[in-house]
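> how would this look folded up:
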Amino acid sequence: MQTKKYNIAVEATLEVIGGKWKCVILCHLTHGRKRTNELKRLMPHITQKMLTQQLRELEDDGVINRIIHNQVPPKVEYELSEYGMSLSGILDMLCAWGEKHITKVYGDKFSVLEDSILNDKLKVSDEPQPQMHARPDL
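Model prediction:
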C-alpha cells in the first residue's frame, strides 16, 4: 500500500469534506438523521447521482453511517458517525464565516439565503431577544 503524502494537514481535511456538496450534506446531518429524499429536498440543486456519490464517499471515509431498516419498501437513513460528529466545530465555523461574508458582500444575509430549515433557525436566532431589566430598589 502506497503511503499518501500531504503538504499540509488541511489537504487531508479537504480530501474528505471538500467539494460543493459534502459540507452542505454534513450540516444537514448535524440536525439529525435524514433519508435520501429529505436531503434532496433540502438541496434542490444537487442531482440525485451527485447526492448518491457524495453520500457513498462520506460513508467510505467513516464520516456518516448508512442505516438500513429491514422493511418493505426498504428504508435507508443517514446520520453523522461518531467520527463525523468531530467535524461539527469546523462546520459551525464555516457557517459563521459564510454568514459574515454574505453580510459583507450583500448586506442583508436573508436576501440571498434560500428558505430552508437551517436558515429559518438563523432568522430566529437573529431576532432581538427581550431585555431583562433589573427592578430598581424601592
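> any idea how far the residue nearest the centre of the chain is from Gly107?
Centroid check for the chain by C-alpha atoms, centre = their mean gives Cys27 as the closest residue, at 0.9 Å. Note on Cys27: its distance to Gly107, by C-beta to C-beta, to the nearest Å, is 23 Å. Any C-beta I mention is one placed from the backbone N, CA and C, and that applies to glycine too.
> Flag every buried residue along stretch 44-56.
Applying a neighbour-count criterion of 16 or more other C-beta atoms under 10 Å, one finds 46, 51, 54-55 buried in stretch 44-56.
> can you map out the strands along this protein?
Taking DSSP state E as the test, the strands found in the chain are 34-35, 64-69, 75-80.
> For the shortest one, what is the distance to the chain centroid?
Okay, so that is strand 34-35. Taking the mean of its C-alpha atoms, strand 34-35 sits 13 Å from the chain's own mean (C-alpha atoms, centre = their mean, to the nearest Å).
> got a list of contacts for that strand?
Contacts to strand 34-35, defined as C-beta atoms under 8 Å, 6 or more residues apart in numbering, come from residues 28, 42, 75-79.
> Can I have the buried ones of those residues as a ChimeraX selection?
Selecting only the buried entries of the contacts of strand 34-35 in ChimeraX, with 16+ other C-beta under 10 Å as the criterion:
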select :28,42,77,78
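> Kindly reformat the contacts of strand 34-35 as JSON lines containing distance to Ser111 and pLDDT.
Converted to JSON lines, the contacts of strand 34-35 look like this (distance: C-beta to C-beta, whole Å; pLDDT from 0 to 100):
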{"residue": "His28", "distance to Ser111": "22", "pLDDT": "95"}
{"residue": "Leu42", "distance to Ser111": "20", "pLDDT": "94"}
{"residue": "Lys75", "distance to Ser111": "38", "pLDDT": "93"}
{"residue": "Val76", "distance to Ser111": "36", "pLDDT": "95"}
{"residue": "Glu77", "distance to Ser111": "34", "pLDDT": "97"}
{"residue": "Tyr78", "distance to Ser111": "31", "pLDDT": "98"}
{"residue": "Glu79", "distance to Ser111": "33", "pLDDT": "98"}
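> will you turn the contacts of strand 34-35 into JSON lines that also has distance to Ile64?
JSON lines is the format used below for the contacts of strand 34-35 (distance: C-beta to C-beta, whole Å):
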{"residue": "His28", "distance to Ile64": "11"}
{"residue": "Leu42", "distance to Ile64": "15"}
{"residue": "Lys75", "distance to Ile64": "16"}
{"residue": "Val76", "distance to Ile64": "12"}
{"residue": "Glu77", "distance to Ile64": "10"}
{"residue": "Tyr78", "distance to Ile64": "5"}
{"residue": "Glu79", "distance to Ile64": "7"}
